[in-house]
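Undergrad: Quick one, fold the following:
(2 chains)
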Amino acid sequence: MVPWERHCWPGKKPKEATTSLTPLNLNKKQMALFEKPFCELIDFLQTQAKLGVVRSSLALNASTWPCGGNRNFVLKTDTAVELGNPKTEALSFCIWSNQSDLIQDEKISLLGPALQESIGQSLPFGQIVLLTIEDSVDRNESEIFRALEALKYQIDLKGYMKRGASQFLREWSRISHEALEQGFSFQTLGTALIRLYKSLDYVEAAEILFITDLATLCTLKPVATQVIRTIEAMNKMLNEALVDCENCDYSDVCKDIEALRNMRKEKTRTEMSRYAR
Amino acid sequence: MPDKKPKVIAFCGKGGVGKTSLAALWVKILTENPKHKVLAIDADPAIGLATSLGFRVEKSVDSIRNDLIARLEKKSVGSPASIPGQLDYELLDAMEEQNNLAFLAIGRPEKEGCYCQVNSMLRDLIRDLSLSFDYVIIDGEAGIEQVNRRVMEAVTHLCLVSDGSKKGINVANTIASVADNAIQYNSKMIIFNRIKAEELSLLVKSTELELLGWLPEDEQLRRFDMEGTSLLELKASSSLNSVRQWIGHCH
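TA: Sure thing, here's the model as predicted:
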């Protein structure tokens, strides 16, 4: 395996993961919306690291890549590498935990070929953002989800065109020949994403995993399915005037996720007090 | 690099006057320069420009809109903030590409009413998408409806097309007057298509629109049209030469 990025960059010292990374170490009181898939991914990353197939770097101190502005459409003919075309496998999601030190802050990992090794190809693509979110009673999980969801569309890097289908947790992007010649890499993209997410004051740490290997993506599909089901359950609950758990397709999801049950209780309480008024 | 606004050229007029062929010839000439990024938008529900440019339409803006409306009704769209992003993804998926040319079919005209927000979102996205191109060529729907619906707000050059018929000229004149209130264009001109040289002076007198040029019946274009051959494959023709000169004049 060719080393991807061996050196670190000066700047803010990122937080090291200090906890033994197994789901069993989770503090049950701090269970957030995506705690289960979060822990499965941490486990998965550990296993991959032991196999020596993960290439990692740290985010740069600042995202210095120029913005694309209005004229950032990358035509097929100008595309050096395409990621996550609808005809290939793709997944993209951002999940978080309130438990600090599960992730290595500012770490960017890659499973599969790097961009420079894939010129002229259309690759399957996975982008998984893992965040540590400050534990606060004033902020509910759905607010965090909406804020993070809105944030991901703000990425603007010259020569990188991104389109996201969040309902399918997919992302489709093209990197231009010009961008690649000027050194665009997953580190460039990862840095921009990490800086963006950490611009939110309650994001304490961010780690990113990029996947360009089909077999790995397929292995992670069940995790993506869990995330989709959780998001769908949350959206359904938030969109419906009355919660009817007996006739809900997502009752199995709520049963497993404490944060969703808390959300439901809160919604019921709000509805009841509105009704009482 | 400062953001450069695209030149947006729309072809409008009565049905059957040759708007689509003219739009396709325009696209062919503009794309001959590989540095030009060209977006062709087929705003005619008949989707004739696709055939004239050799594209097969699998997905249109209309189908994206209908799909979103269906998902909105089922409440399965996720967070409202993600909707423009989802539509943008679908638009890219609906886009056909060939070298420096991208093509988008609008499909059936948008339905106003409860879902005008979806229509307006799509309009904004297409407008934003256009900014990435040097030229946007729109093959308009027949008649004046499209101008009325303000779907062509961003048009910089309005090309009205008419044949030699009174009806054709009337439609062109009506579109021109409606456009005065709906579009902030830089130029507005008329092209007479499939006419004879001796008819020109009389036709010019029947409109106040500036004449960009005229074309006689072109056998080669008619054959390409009948065979469904892409006009991008046209090697040489008198029509092509005329359009090349007009483009020089316009741009």
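
Undergrad: CA atoms for contacts and neighbours, from now on please.
TA: Noted.

Undergrad: what does the stretch 51-200 of chain A put close to chain B?
TA: In this structure, the stretch 51-200 of chain A approaches chain B at residues A:69-73, A:75-77, A:86, A:146, A:149-150, A:153, A:163-167, A:172, judged by C-alpha under 8 Å from any C-alpha of the partner chain.

Undergrad: Just the buried residues of these.
TA: With neighbours counted using 16 or more other C-alpha atoms under 10 Å in any protein chain shown, those contain these buried positions: A:70-73, A:75-76, A:149, A:163-167, A:172.

Undergrad: Let me know the closest of those to chain B.
TA: Closest approach between these and chain B, by C-alpha to the nearest C-alpha: A:Arg71, at 3.8 Å.

Undergrad: Filter the buried ones among the residues of the stretch 51-200 of chain A next to chain B down to the ones in helices?
TA: Of these, the ones assigned to helices by DSSP state H are A:Glu149.

Undergrad: pLDDT-wise, what's the bottom of the buried ones among the residues of the stretch 51-200 of chain A next to chain B?
TA: The member of these with the lowest model confidence is A:Asn70, at 78 (criterion: pLDDT).

Undergrad: I figured that one hits B:Asp128, correct?
TA: Yes - using C-alpha atoms under 8 Å, A:Asn70 is in contact with B:Asp128, at 7.2 Å.

Undergrad: Now do the strands in chain A.
TA: For chain A, the strands defined by DSSP state E occupy A:55-58, A:79-83, A:90-97, A:107-111, A:121-123, A:125-133, A:160-165, A:170-176, A:203-211.

Undergrad: For the shortest one, buried residues please.
TA: Meaning strand A:121-123. Along strand A:121-123, these residues count as buried under the neighbour rule (16+ other C-alpha under 10 Å): A:Ser122, A:Leu123.

Undergrad: where does the stretch 101-250 of chain B come near chain A, residue by residue?
TA: Contact residues (C-alpha under 8 Å from any C-alpha) of the stretch 101-250 of chain B with chain A: B:Ala102, B:Asp128, B:Leu129, B:Leu131, B:Ser132, B:Phe133.

Undergrad: Do any residues in stretch B:77-96 lie close to chain A?
TA: Yes - part of stretch B:77-96 sits close enough to chain A to count as contact by C-alpha under 8 Å from any C-alpha, namely B:Val77, B:Gly78, B:Ser79, B:Ala81, B:Ser82, B:Gly85, B:Gln86, B:Asp88, B:Tyr89, B:Glu90, B:Leu92, B:Asp93.

Undergrad: still on that earlier bit, please convert the residues of the stretch 101-250 of chain B next to chain A to CSV, extending it with neighbour count and secondary structure.
TA: What follows is those, written out as CSV (neighbours: other C-alpha atoms under 10 Å in any protein chain shown; DSSP: H, G, I helix; E, B strand; the rest coil):
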residue, neighbour count, secondary structure
B:Ala102, 20, strand
B:Asp128, 14, helix
B:Leu129, 19, helix
B:Leu131, 22, coil
B:Ser132, 24, coil
B:Phe133, 25, coil
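
Undergrad: What residue, apart from its backbone neighbours, is nearest B:Pro34 spatially?
TA: Here the nearest residue to B:Pro34 in space, its sequence neighbours aside, is B:Asn100; by C-alpha to C-alpha, 6 or more residues apart in numbering or on different chains that works out to 6.2 Å.

Undergrad: No more questions from me, cheers.
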